[in-house]
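Participant: for reference, the sequence and a predicted model appear below.
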Amino acid sequence: MNQKKILLIDDEEDILEIISYNLEKEGYLVTTANNGNEGLIKAKELIPDLILLDVMMPEKDGIETCQELRQIKELQNTLIVFLSARSEEFSQLAGFQAGANDYVVKIIKPKILISKINALLQLTSKVSNDAKVLTIGDLVIDKDNVKVTKNGQHFLLPKKEFDLLYLLASNTEKVFKREEILEKVWGNDVVVGERTIDVHIRRLREKLGINTIQTLKGIGYKLVV
């Protein structure tokens with residue numbers, strides 16, 4: 001059995017102990033680090049499937065650590081989840097802007113946290129970046145035939161709308177920033193405004209009845225399963 005690897009970065013020993021215990025009981029291979037610098041070193045060595053990262057830590061906080069983790073090419077597919085006592089909206093937005101896949105407020109029952117981690121890792125393993133057909137709930141996106149099916153109903157979308165939907169569906173745990181969407185869907189050769197993305201998102205929601213394209217104000221979009 002290929003054990004999933006999780007790196008837990010937190011300066012609170014009791015948090016490391018409790019969460020490690022529950023993750024290991026679930027079958028995960030857990031490595032811990034007490035601060036951001038140590039976490040960066042261990043992340044490069046381990047290449048974990050998922051990193052649980054505290055926000056408030058001495059020397060190097062979680063936001064800065066996350067930004068540096070996202071610069072490491074080998075960790076491109078690693079999920080990063082903030083686990084923080086800070087529940088304010090601006091803190092959570094800062095976490096997503098730094099490159100996190102999710103943000104969990106620290107006062108949480110271990111069983112709920114484990115369930116969330118299980119769901120994140122299982123979903124990621126199902127969706128390959130090279131997949132020709134993506135299935136997200138009742139939504140099926142056929143890349144080769146540029147065709148979308150929802151609840152058995154077929155939709156032929158204009159190319160840019162299809163490309164945008166396929167991009168969001170390619171990684172449902174990721175928040176796609178506006179600049180990344182513009183680069184990957186429209187490319188660098190075409191000059192379009194950010195409003196263009198909003199218009200295409202609105203059309204997708206109207207055509208497909210999709211309410212699961214989540215807007216993170218000032219950051220980008222995410223397809224929520």
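Facilitator: Received it, and whenever you're ready, just let me know what you need.
Participant: quick one: buried residues of the helix or strand of the chain with the lowest mean pLDDT?
Facilitator: Sorting the helices and strands of the chain by mean pLDDT, DSSP states H and E puts helix 110-126 at the bottom, at a mean of 76. For helix 110-126, the neighbour count (16 or more other Cβ atoms under 10 Å) marks 113-114, 117, 120-121, 124 as buried. Where you see a C-beta, it was placed from the backbone N, CA and C, and this is true even at glycine.
Participant: residue 54 reaches residue 11, doesn't it?
Facilitator: Yes: with contacts counted by Cβ atoms under 8 Å, residue 54 reaches residue 11, the gap being 6.5 Å.
Participant: which of the two has more neighbours?
Facilitator: residue 54 (26 against 17; other Cβ atoms under 10 Å).
Participant: can you give me the distance of the residue nearest to that one when sequence neighbours are not counted to residue 168?
Facilitator: Spatial nearest neighbour of residue 54, chain neighbours left out: residue 10 (4.1 Å); criterion: Cβ to Cβ, 6 or more residues apart in numbering. Separation of residue 10 from residue 168 (Cβ to Cβ, to the nearest Å): 31 Å.
Participant: also residue 132?
Facilitator: Distance of residue 132 to residue 168, computed by Cβ to Cβ: 17 Å.
Participant: the more surrounded of the two?
Facilitator: Using other Cβ under 10 Å as the criterion, residue 132 and residue 168 rank with residue 168 on top: 28 against 10.
Participant: tell me the phi and psi of that one?
Facilitator: The phi and psi values for residue 168, taken as degrees, to the nearest 10, are phi -60, psi -40.
Participant: got a list of what it touches?
Facilitator: 176, 213, 221-223 (Cβ atoms under 8 Å, 6 or more residues apart in numbering).
Participant: which of the residues you listed tops the neighbour count?
Facilitator: Neighbour-wise, these (other Cβ under 10 Å) top out at residue 223, 24 neighbours.
Participant: thinking again about what came up before, what's the next secondary structure element after the least confident helix or strand of the chain?
Facilitator: strand 133-136 (DSSP states H and E).
Participant: give the buried residues for that following strand.
Facilitator: Neighbour-count burial for strand 133-136, counted by 16+ other Cβ under 10 Å, picks out 134, 136.
Participant: in what helix or strand does residue 17 lie?
Facilitator: helix 13-25.
Participant: now residue 76: how far from residue 174?
Facilitator: 11 Å.
Participant: poorly predicted segments of this protein, please.
Facilitator: Across the chain, residues meeting the criterion (pLDDT under 70) sit at 1-2, 107-108, 123-131, 188-192, 194, 210, 225.
Participant: what do you get if the cut-off is 90, keeping everything else the same?
Facilitator: Along the chain, the model assigns pLDDT under 90 to residues 1-3, 14-15, 18, 56, 58-59, 70-71, 73-79, 83-160, 169-198, 205-225.
Participant: quick one: the strands in it?
Facilitator: 5-9, 29-33, 50-53, 79-84, 102-105, 133-136, 139-142, 147-150, 153-155, 176-177, 213-216, 220-223 (DSSP state E).
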